[in-house]
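Asker: Return a 3D structure for these sequence lines:
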Amino acid sequence: MIARRFGALGALLLSCAFIAGCATSGGGAPALATATPGESGAPAAPPANPNDPATAERRARVRLELAALYFSRGQNNTALDELKLALAASPDLPEAHNLRGLIYASLGDAAVAEQSFRRALELNPRDGDTMHNYGWFLCQQRRYDDADATFQRAVELPTYGEAQRTLLARGVCQARAGRWVDAERTLSRSYELDPSNPVTAFNLSEVLLRRGELQRARFYARRINQVPEAVTAQSLWLAARIERRLGNMEGVQDFGRLLRERFPQSPEALQYERGRFDE
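Answerer: Take a look at the predicted model:
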């Protein structure tokens with residue numbers, strides 16, 4: 001579903017929210033069409049038939065797919081052009097307003113982004129994906145109480161199948177607000193639902209480190225770093241910081257060596273070289 005794809009994008013973007021210097025390129029785009037518009041296999045708008053509402057909606061959804069594709073590639077202006085055509089064909093398409101909110105949020109236009117998310121929820125009040133995206137938008141605006149309530153609404157929807165994703169967003173937002181106890185509780189729930197997600201494990205470990213729960217923080221950091229494809233400069237730096245707090249200087253050196261060998265140009269490697277463990 002298009003709505004689910006948009007919602008997933010919000011989650012992928014937030015995967016770096018609590019990780020200083022984490023890049024959002026590469027893995028942050030939703031899985032959409034791989035062909036360039038106009039090439040074989042790319043969606044093409046059907047012939048216009050203004051007298052047929054079903055045709056108008058099909059045309060709108062094709063434009064919506066194109067808008068999502070362009071947005072995933074960072075081509076915001078082209079995405080907006082396609083989105084305007086989608087809304088012209090079907091003004092009350094909730095998914096289009098959801099995507100419009102995401103695009104304008106990425107462009108820094110908070111007023112239009114909020115208007116778009118609100119309109120999407122007016123059209124579909126029980127859309128957990130839009131609630132998830134709107135909640136993350138509110139968190140970015142530092143409207144933490146509103147964000148928390150919006151995330152909660154999404155999680156409580158009986159038909160919503162992405163609770164672990166929204167719990168991750170909610171926990172990260174609570175951490176941003178300095179609500180460490182709440183953040184630990186929420187991220188723990190997300191981890192229970194999806195223990196294979198290294199982003200959840202990272203954020204939970206970071207929160208536990210901030211709370212001084214060092215052995216538990218070490219447990220989750222080790223879970224990440226034991227999976228080769230999950231290891232990042234951020235996860236190694238987190239592990240080094242935990243070991244330093246535990247007084248295990250040998251462990252600090254081991255993780256520091258891995259950090260320099262595998263990610264020598266990373267900001268984390270530079271922090272390690274300069275001994276900036278508490279920044």
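
Asker: what's stretch 231-240 in contact with?
Answerer: The contact list for stretch 231-240, computed with C-beta atoms under 8 Å, 6 or more residues apart in numbering, reads 19-22, 198, 202, 205-206, 209, 218, 221-222, 224-225, 251-252, 255-256, 258-259, 262-263, 266-269, 271-272, 277. (C-beta placed from N, C-alpha, C; glycine too.)

Asker: please redo it, this time with the cut-off set to 6 Å
Answerer: The contact list for stretch 231-240, computed with C-beta atoms under 6 Å, 6 or more residues apart in numbering, reads 19, 22, 221, 224-225, 252, 255-256, 258-259, 263, 266, 268.

Asker: What of stretch 271-279?
Answerer: Outside stretch 271-279, the residues that reach it (C-beta under 6 Å, 6+ apart) are R241, R244, G256, L259.

Asker: Show me which pair in the residues you listed is furthest apart.
Answerer: Based on C-beta to C-beta, the longest span within the contacts of stretch 271-279 runs between R244 and L259 and measures 12.8 Å.

Asker: So for the two, which residue has more residues nearby?
Answerer: L259 (26 against 17; other C-beta atoms under 10 Å).

Asker: from memory that one sits against S266, does it?
Answerer: No: using C-beta atoms under 6 Å, L259 is not in contact with S266, being 7.3 Å away.

Asker: Could you tell me which residues within the longest helix seen in the chain count as buried?
Answerer: The longest helix of the chain (DSSP state H) is helix 53-72. Of all the residues in helix 53-72, those buried under the rule 16 or more other C-beta atoms under 10 Å are 56, 58-72.

Asker: Tell me which of the residues you listed has the lowest pLDDT.
Answerer: Minimum pLDDT across the buried residues of helix 53-72 is recorded for A56, with 85.

Asker: Give the burial count for G178, as a bare number.
Answerer: Per other C-beta under 10 Å, the neighbour tally for G178 reads 10.

Asker: so which of the contacts of stretch 271-279 would you say is closest to Q152?
Answerer: Using C-beta to C-beta, the contacts of stretch 271-279 come closest to Q152 at R241, 31.2 Å.

Asker: how many other residues sit next to the closest one?
Answerer: Other residues lying near R241 total 24 when counted by other C-beta under 10 Å.

Asker: and if you look at the one 5 residues further on?
Answerer: With neighbours defined by other C-beta under 10 Å, the count for L246 comes to 14.

Asker: Next, the contact list for it, please.
Answerer: Listed by C-beta under 6 Å, 6+ apart, the contact partners of L246 are L214.

Asker: quick one: it from R179, how far?
Answerer: Taking C-beta to C-beta, to the nearest Å as the criterion, L246 is separated from R179 by 25 Å.

Asker: Likewise for R153?
Answerer: 18 Å.

Asker: repeat for L167
Answerer: L167 sits 14 Å away from R179, going by C-beta to C-beta.

Asker: For these two, indicate the residue with more neighbours.
Answerer: Between L167 and R179, counted using other C-beta under 10 Å, L167 has the larger neighbour count: 25 against 17.

Asker: hang on, isn't that one packed against T186?
Answerer: Yes: L167 is within contact range of T186, at 5.4 Å (criterion: C-beta under 6 Å).

Asker: Give me the buried positions along stretch 215-229.
Answerer: Along stretch 215-229, these residues count as buried under the neighbour rule (16+ other C-beta under 10 Å): R216, A217, R218, Y220, A221, R223, I224, N225.
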